[in-house]
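Student: pasting the structure only:
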Ligand code: ME8
């Protein structure tokens with residue numbers, strides 16, 4: 001079986017990771033975990049983009065050599081992803097030999113085929129963005145937008161890749177492969193961009209200006225310029241593992257779709273005679289309140305570690321996935337985070353767990369009783385479970401994780417309502433056999449429904465599932481699909497007295 005090969009963008013390691021990095025890796029992790037649970041063999045790649053001007057400059061600022069700098073930064077990124085429970089199978093660094101070798105092979109091949117030529121390059125260069133700028137990007141007064149930082153004019157011989165000669169092919173390819181880019185509206189943006197003639201792509205930088213890069217195999221006075229290095233990671237990481245390439249999905253942010261991933265990358269692969277990835281999944285951006293962009297250079301970023309320390313990994317993962325409709329942008333604020341945390345997690349899910357454990361302890365000696373015959377309330381809850389399950393799986397298949405979570409939490413709320421309706425605390429006061437039977441059924445139903453709820457949350461909240469299973473004394477079946485079936489799996493299991501999953505923040509409102 002061909003693995004489900006999924007990748008993330010590789011991060012620039014010139015500054016600390018922020019919520020955008022965390023989001024992309026968590027989103028990809030949710031997909032990877034979902035596919036694994038659905039029975040696919042998954043290969044999940046993430047990594048670090050370590051070469052380039054910005055890294056060279058950041059290292060200089062710190063007064064250390066680039067290799068030491070990237071070593072430290074990369075450790076910081078990886079520590080975050082480990083903390084976030086990102087279940088990647090491989091981590092590629094563009095400074096690794098396995099990557100450099102493949103980049104050089106690919107460049108040599110394209111050079112031999114006549115796809116790469118030398119010419120004079122003249123242009124206005126933004127060091128901050130590591131790119132040459134087009135005249136049309138100037139502001140009406142002739143200056144450059146602030147995001148580009150300092151802009152200088154440069155004239156130098158460089159190497160170019162013949163992008164333009166493949167433009168017609170790419171347009172045809174995208175027209176014939178309508179679902180190459182998800183969501184669809186992004187594919188339209190690519191085609192829109194391709195209405196203008198492409199310029200050939202400058203793929204080199206003179207080594208004297210940029211030493212921190214991969215030397216061109218056919219001219220060692222130059223290093224490879226950013227995209228020809230970075231994009232190749234997806235392929236270089238698996239080049240020696242037959243059967244893994246092509247990627248099933250490249251998960252990327254909207255800023256690096258056009259032109260890098262939707263234009264350069266397909267054309268590079270096509271020209272080199274390598275199969276194309278199956279599709280690109282393009283997510284939106286986390287913005288600050290009022291739609292403001294987060295910026296490493298202004299220091300206005302959200303540090304994921306602060307939130308994880310205060311609220312736990314799964315609360316943070318839940319928030320990211322619940323608040324973002326994949327493909328759209330979303331705004332981050334602590335108020336919004338706290339409101340989700342309190343209502344969905346502390347109230348609905350956390351309360352459900354506490355009540356279930358607590359009542360099983362109090363009214364059934366801490367052992368899940370056997371359910372009796374289902375009556376109307378049980379039948380209703382079971383029917384709701386079946387609908388929730390079917391819809392959630394369908395939504396996850398289509399990357400609508402925010403809606404899948406919504407359905408699952410609605411189910412949890414329904415279990416709470418069921419508990420209130422059955423009121424075990426009242427039934428427990430009665431010695432009548434019918435009431436005692438109803439009590440056993442209610443407790444068993446709550447425990448079983450809770451087990452199903454957290455099972456469905458597994459791709460997003462893996463640690464929560466483990467904790468609740470442990471609290472319910474449950475040993476899961478090997479197959480997720482079996483775990484998702486209503487059945488009296490917990491009968492006779494001893495449960496924990498309590499489990500504090502989502503403690504309320506001490507000072508609500510300001511956290
Ligand atoms: O672009 N919200 O690296 P990077 C959501 N090295 N996602 C965000 C975001 C935000 N506020 N800010 C950034 C690079 N991202 C290149 C990629 S791939 C061959 C090379 C996303 O560290 C961004 O869209 O700037 C990108 O997908 C990823 O984080 C890494 O961004």
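Tutor: The structure has been received and is ready for your questions. The structure presented is a predicted model; accordingly, all values stated were derived computationally and were not measured.
Student: only C-alpha atoms for contact and neighbour calcs from this point on.
Tutor: OK.
Student: Tell me the residues on the stretch 1-150 of the chain that lie near the ligand, please.
Tutor: 9-12, 20-21, 49 (Cα under 6 Å from any ligand atom).
Student: May I have the phi/psi pair for residue 69?
Tutor: The phi and psi values for residue 69, taken as degrees, to the nearest 10, are phi -60, psi -50.
Student: Nearest residue to it in space, ignoring adjacent ones along the chain?
Tutor: Leaving out its chain neighbours, the residue that sits closest to residue 69 by Cα to Cα, 6 or more residues apart in numbering is residue 59, at 5.6 Å.
Student: so what's that neighbour up against?
Tutor: Listed by Cα atoms under 8 Å, 6 or more residues apart in numbering, the contact set of residue 59 reads 65-66, 69.
Student: and these, which are buried?
Tutor: Among the contacts of residue 59, those buried by neighbour count (16 or more other Cα atoms under 10 Å) are 66, 69.
Student: what would the contacts of residue 59 look like in a markdown table with pLDDT and distance to residue 2?
Tutor: Below are the contacts of residue 59 laid out as a markdown table (pLDDT from 0 to 100; distance: Cα to Cα, whole Å):
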| residue | pLDDT | distance to residue 2 |
| --- | --- | --- |
| 65 | 97 | 41 |
| 66 | 97 | 38 |
| 69 | 98 | 37 |
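Student: Tell me the strands beside the helix-or-strand element of the chain with minimal mean pLDDT, with direction?
Tutor: Every helix and strand of the chain was ranked by mean pLDDT, DSSP states H and E. The lowest is strand 131-133, at a mean of 79. Here strand 131-133 is paired, per DSSP bridges, with strand 116-126 (antiparallel).
Student: re the thing from before, now whatever helix or strand comes next after the least confident helix or strand of the chain, how far from the centre of its chain.
Tutor: Later in the chain than strand 131-133, the nearest helix or strand by DSSP states H and E is strand 151-161. Remark: strand 151-161 is offset 35 Å from the chain centroid, using Cα atoms, centre = their mean, to the nearest Å.
Student: Paired strands for strand 151-161, with orientation please.
Tutor: Neighbouring strands of strand 151-161 in its sheet, by DSSP bridges, are strand 116-126 (antiparallel), strand 201-202 (antiparallel).
Student: State the next helix or strand along the chain beyond it.
Tutor: helix 167-176.
Student: List the buried residues for that next one?
Tutor: Here helix 167-176 shows 167, 170-171, 174 as buried, counting by 16+ other Cα under 10 Å.
Student: repeat for stretch 322-342
Tutor: For stretch 322-342, by 16+ other Cα under 10 Å, it's 322-327, 329-332, 337-338, 340-342.
Student: who touches the closest residue to residue 340 other than its chain neighbours in this structure?
Tutor: The shortest distance from residue 340 to any non-neighbouring residue, by Cα to Cα, 6+ apart, is to residue 319 (7.0 Å). For residue 319, the contacting residues are 337, 340-341, by Cα under 8 Å, 6+ apart.
Student: what helix or strand does the residue in the stretch 401-511 of the chain positioned nearest to the ligand sit in?
Tutor: Closest residue of the stretch 401-511 of the chain to the ligand, Cα to the nearest ligand atom: residue 402 (15.6 Å). Using DSSP H and E, residue 402 sits within helix 401-422.
Student: packing partners for that helix?
Tutor: Applying 3 or more Cα pairs under 8 Å, 6 or more residues apart in numbering; DSSP states H and E, we find helix 401-422 packed against helix 313-323, helix 351-364, helix 376-397, helix 433-456.
Student: Can you lay out those helices as JSON lines showing distance to residue 16 and mean pLDDT?
Tutor: Formatted as JSON lines, these follow (distance: least, Cα to Cα, whole Å; pLDDT from 0 to 100):
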{"stretch": "helix 313-323", "distance to residue 16": "18", "mean pLDDT": "98"}
{"stretch": "helix 351-364", "distance to residue 16": "36", "mean pLDDT": "98"}
{"stretch": "helix 376-397", "distance to residue 16": "30", "mean pLDDT": "98"}
{"stretch": "helix 433-456", "distance to residue 16": "33", "mean pLDDT": "98"}
